[in-house]
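Trainee: for reference, the sequence and a predicted model appear below.
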Amino acid sequence: MESIPLPKKVSIDKDAENENKATLIIEPLYPGYGPTVGNSLRRVLLSSLPGAAIFAFKIKGTTHEFTSIDHVKEDVVDISLNLKRVNLTSHTDEPVQLTLKAEGEKVLTAGNIEKNADIEIANPDQVIMTLTDKAASIEMTLWVRTGRGYVTIESREKEELDVNAIAIDTIFTPIVQVGYEVDNVRKGARTDYDKVTMEIESNGTITIEEAIKQSAKILADHFNLISDFENIGEEEDISENTDEPAKDEDESGESEAKEEDKDKE
């Protein structure tokens, strides 16, 4: 019996107006394989790619998040929401400490954060806070680290932070949105083959091409391991592994977090 045919076309069409958006097209897929491929790739894109994010910050003179700051338009809660929108790339697996200092009447953005060789900021125009008076003075410490998926404050209750440091939920995934649809296409005499059209948007810290390659490799590595299960060595007792799996946008509450962010704008 012949093997299931593989698709003949895989293409990426970049958005002319937004370099962080692109369309992935895969066709023709054997009937029924459209949802299988599309959903698997979507879930990995949203949950499993590594990224970096600010996970805690400290503002000199504040002790908790429900604090207002003299000569600053935003309160600490608003500032924390703005920090969650700062898109970063980290060139180290170790936590990185950043500093932001300013005086006078001005709008502070991610671009005002002091430069660090290990960190790149993809959206330097992201507003962090607004200083409303010439007498304003601010000094912040930010902590950045790498991870996967969406990690809540509650899941990090045992984490030790500096005195007066404020923890925030972290969105590590560099992929902002993924949607796909499956249509029928003709292959020879058959018209029931599948075509997957996937719309992908990143936060600017990774190219769409690289995101697709990494996601496909993650899936391929897992399936290759399963196909060679007879040669898999004895693994540790999974009951001893307390690490929680990364969650994708549907399961993690990230959508709710983004809605909360929008309400604050």
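Mentor: Now that the structure is in, tell me what you want to look at. Residues are numbered from 1 along each chain as shown.
Trainee: what's near enough to touch the residue nearest to Ser137 when sequence neighbours are not counted?
Mentor: Of all residues not flanking Ser137 in the chain, Glu103 sits nearest, at 4.8 Å (CB to CB, 6 or more residues apart in numbering). (Each C-beta comes from the backbone N, C-alpha and C, glycine too.) Shown in contact with Glu103 (CB atoms under 8 Å, 6 or more residues apart in numbering): Leu131, Ala136, Ser137, Ile138.
Trainee: how near is Glu103 to Asn231?
Mentor: Going from Glu103 to Asn231 by CB to CB, to the nearest Å gives 63 Å.
Trainee: for Val77, same thing?
Mentor: 53 Å.
Trainee: give me the more crowded residue out of these two.
Mentor: More crowded of Val77 and Asn231, by other CB atoms under 10 Å: Val77, with 15 against 6.
Trainee: now that one, what are its backbone angles?
Mentor: Dihedral pair for Val77: phi -60, psi -50, per degrees, to the nearest 10.
Trainee: longest single helix anywhere in this protein?
Mentor: In the chain, taking DSSP state H as the definition, the longest helix is helix 208-227.
Trainee: and that helix, what's its mean pLDDT?
Mentor: Averaged across helix 208-227, the pLDDT comes to 95.
Trainee: check the most centrally placed residue in the chain and give its pLDDT.
Mentor: By CA atoms, centre = their mean, the mean C-alpha position of the chain lies nearest to Thr173, the distance being 1.8 Å. Looking at Thr173, its pLDDT stands at 95.
Trainee: what secondary structure does it sit in?
Mentor: Here Thr173 is coil, with the state taken from DSSP: H, G, I helix; E, B strand; the rest coil.
Trainee: right, and it touches Gly147 too?
Mentor: No: counting by CB atoms under 8 Å, Thr173 does not reach Gly147; the two are 9.0 Å apart.
Trainee: how about the residue nearest to the centre of the chain, phi and psi?
Mentor: Thr173 has phi and psi values of phi -60, psi 130 when expressed as degrees, to the nearest 10.
Trainee: checking Thr36 next. Helix, strand or coil?
Mentor: Assigned state for Thr36: helix (three-state reduction, three-state DSSP).
Trainee: how many residues are close by it?
Mentor: Applying other CB under 10 Å, we find 14 residues neighbouring Thr36.
Trainee: show me what the closest residue to Arg42 other than its chain neighbours is bridged to.
Mentor: Excluding its sequence neighbours, the residue lying closest to Arg42 (CB to CB, 6+ apart) is Val178, at 4.6 Å. Beta bridges link Val178 to Ile200, judged by DSSP bridges.
Trainee: now the strands for the chain?
Mentor: Taking DSSP state E as the criterion, the chain carries its strands at 9-14, 21-29, 50-59, 88-90, 96-103, 106-109, 119-121, 127-131, 137-148, 150-151, 166-167, 170-171, 175-187, 190-202.
Trainee: surely Tyr180 touches Leu46?
Mentor: No: with contact defined as CB under 8 Å, Tyr180 does not reach Leu46; the gap is 11.6 Å.
Trainee: more neighbours, the two?
Mentor: Leu46 (25 against 19).
Trainee: how much space separates the more buried one from Met129?
Mentor: In this structure, Leu46 and Met129 are 30 Å apart, going by CB to CB.
Trainee: likewise for Asn112?
Mentor: Asn112 sits 10 Å away from Met129, going by CB to CB.
Trainee: and stretch 66-79, how far apart are its ends?
Mentor: 11 Å (CA to CA, to the nearest Å).
Trainee: just the buried residues of it, please?
Mentor: Ile69, His71, Val72, Glu74, Val76, Asp78, Ile79 (16 or more other CB atoms under 10 Å).
Trainee: again, but for stretch 24-34
Mentor: So, applying 16+ other CB under 10 Å, buried residues of stretch 24-34: Leu24, Ile26, Glu27, Pro28, Leu29, Tyr30, Tyr33, Gly34.
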